[in-house]
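Undergrad: Fold the following and give me the result.
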Amino acid sequence: MNRPTGVTIIAVLSFLGAFFLAIIAVGFLVGGAVIASLGVSLPASLVGIGAAVAACFFFAVAVLDVVNGIGLLKLQNWARILTIVLIGLGLLSAALGLLSGLFHFRMLIVLRELCVAAIDLWILLYLFKPHVKQAFGTTGF
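TA: The predicted model follows:
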């Protein structure tokens, strides 16, 4: 069976996310190194260490996104399930961001979180469509 176009789009979005996460990770590494090199005080060293830990986290998530994108392109069902889990976490994050934006009366944040949630919901519903599940070789979850 041919790969559905939506799955290809989701895989490309996964690769784009990995690219931007890698850029963020490099920014944390560079920024942490610059701050740590400004002084030998304990706070500067802690900021440098914290930035390095954050960079490792962002690199790890970027690698996960690349692996997931490859799995989606190869129609591996584990990649579909991983995408569903990651989208669920994204919806939770969007809900928290939406509440924060409403609480602080930041309407641009509210609008952004609504857009992110709408895209996440589209992806989630798409991955549960029968023809998409069939393309991944499953009829269950």
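Undergrad: When you work out contacts or count neighbours from here on, use the C-alpha atoms and nothing else.
TA: Fine.
Undergrad: following the longest helix along the chain, which helix or strand shows up next?
TA: Longest helix of the chain, by residue count under DSSP state H: helix 5-38. Using DSSP states H and E, the helix or strand that directly follows helix 5-38 along the chain is helix 42-73.
Undergrad: average pLDDT for that following helix?
TA: Helix 42-73 comes out with an average pLDDT of 91.
Undergrad: Report the buried residues of the following helix or strand past it.
TA: Sequence order places helix 77-103 as the next helix or strand after helix 42-73, per DSSP H and E. For helix 77-103, the neighbour count (16 or more other CA atoms under 10 Å) marks 77, 79-80, 82-84, 87-88, 90-91, 94-95, 97-98, 101 as buried.
Undergrad: Report all helices and strands that helix 77-103 contacts.
TA: Applying 3 or more CA pairs under 8 Å, 6 or more residues apart in numbering; DSSP states H and E, one finds that helix 77-103 makes contact with helix 42-73, helix 107-127.
Undergrad: contacting residues for the residue most central in space within the chain?
TA: Geometric centre of the chain, nearest residue: Gly17, 6.0 Å, by CA atoms, centre = their mean. Contacts for Gly17 were tallied using CA atoms under 8 Å, 6 or more residues apart in numbering; they are Ala62, Asp65.
Undergrad: Quick one, grab the pLDDT at it.
TA: For Gly17, pLDDT reads 94.
Undergrad: so how far is Leu124 from it?
TA: Distance, Gly17 to Leu124, by CA to CA, to the nearest Å: 17 Å.
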